[in-house]
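Q: Quick check, what structure comes out for this input:
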Amino acid sequence: MEFYTFERSDQSDAIRYTFYTDNNLTYIAFFISALDFTDHFEGHDYFSEFGWVCGFGPVEDGVKIPGDRKISQTISQIFIDFLSNKPKEVVLIYHCDDDKDQQLARSRKFNGWFLLFSEAMNLSIEITQLDIVTGETIDLNFIGYIYSNEADKEKVLGEAKTFSQYLLASLRK
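A: I've put the predicted structure just below:
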């Protein structure tokens with residue numbers, strides 16, 4: 001498996017990765033402790049303790065991204081690096097919002113990346129589609145929860161359900 005070299009930067013409640021592609025694009029991946037989002041995770045004790053919000057993408061805005069297999073391999077390696085030092089209870093939370101109407105494509109791409117590292121890391125994913133109806137339009141959002149198969153699945157899925165409901169209600173406002 002060929003991937004780009006990445007740099008890792010650790011802060012007290014966040015971890016950021018950076019890598020550069022052969023096409024001169026800069027990518028970042030980040031993982032932020034749910035403790036930084038206490039307002040959002042109030043009442044979700046498991047996620048408050050073990051949740052990490054994650055995201056990734058190119059730094060350059062509006063640039064067309066050429067097909068580059070090494071990007072997906074690198075993202076997979078970053079997830080492996082991040083999770084290798086975390087307890088089995090960790091839940092990664094990823095939100096594909098309706099920014100630029102690309103959420104379905106981003107969700108599919110994310111699922112493809114997930115498949116690259118999930119088996120080796122013994123992980124599962126729960127994806128919830130959030131339909132936000134505004135007048136005659138429907139905005140799709142997807143939220144993914146990645147968790148270890150050794151974690152308490154009942155707790156993870158229970159909080160995933162209630163957190164998705166909370167997020168849907170807050171996005172409808």
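Q: mind showing which ranges of the protein have poor pLDDT?
A: Confidence mapping of the chain against pLDDT under 70 gives the ranges 97-107, 110, 133-134, 137-138, 173.
Q: residue ranges of the helices in it, please?
A: 38-41, 45-50, 69-83, 103-121, 153-172 (DSSP state H).
Q: wait, which of those helices is closest to residue 3?
A: Closest to residue 3 of the helices of the chain is helix 69-83 (C-beta to C-beta; 4.0 Å). Heads up, the C-betas are built off the backbone N, CA and C, glycines and all.
Q: need the helices of the chain in CSV with distance to residue 5 and mean neighbour count, can you?
A: Formatted as CSV, the helices of the chain follow (distance: least, C-beta to C-beta, whole Å; neighbours: other C-beta atoms under 10 Å):
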stretch, distance to residue 5, mean neighbour count
helix 38-41, 34, 14
helix 45-50, 29, 18
helix 69-83, 9, 20
helix 103-121, 17, 15
helix 153-172, 33, 15
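Q: Redo those as JSON lines? Include distance to residue 139.
A: Listed next are the helices of the chain as JSON lines, based on distance: least, C-beta to C-beta, whole Å:
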{"stretch": "helix 38-41", "distance to residue 139": "19"}
{"stretch": "helix 45-50", "distance to residue 139": "24"}
{"stretch": "helix 69-83", "distance to residue 139": "25"}
{"stretch": "helix 103-121", "distance to residue 139": "8"}
{"stretch": "helix 153-172", "distance to residue 139": "8"}
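Q: Identify the residues contacting the residue nearest the centre of the chain.
A: Geometric centre of the chain, nearest residue: residue 94, 2.9 Å, by C-alpha atoms, centre = their mean. Going by C-beta atoms under 8 Å, 6 or more residues apart in numbering, residue 94 touches 53-55, 110, 143-146.
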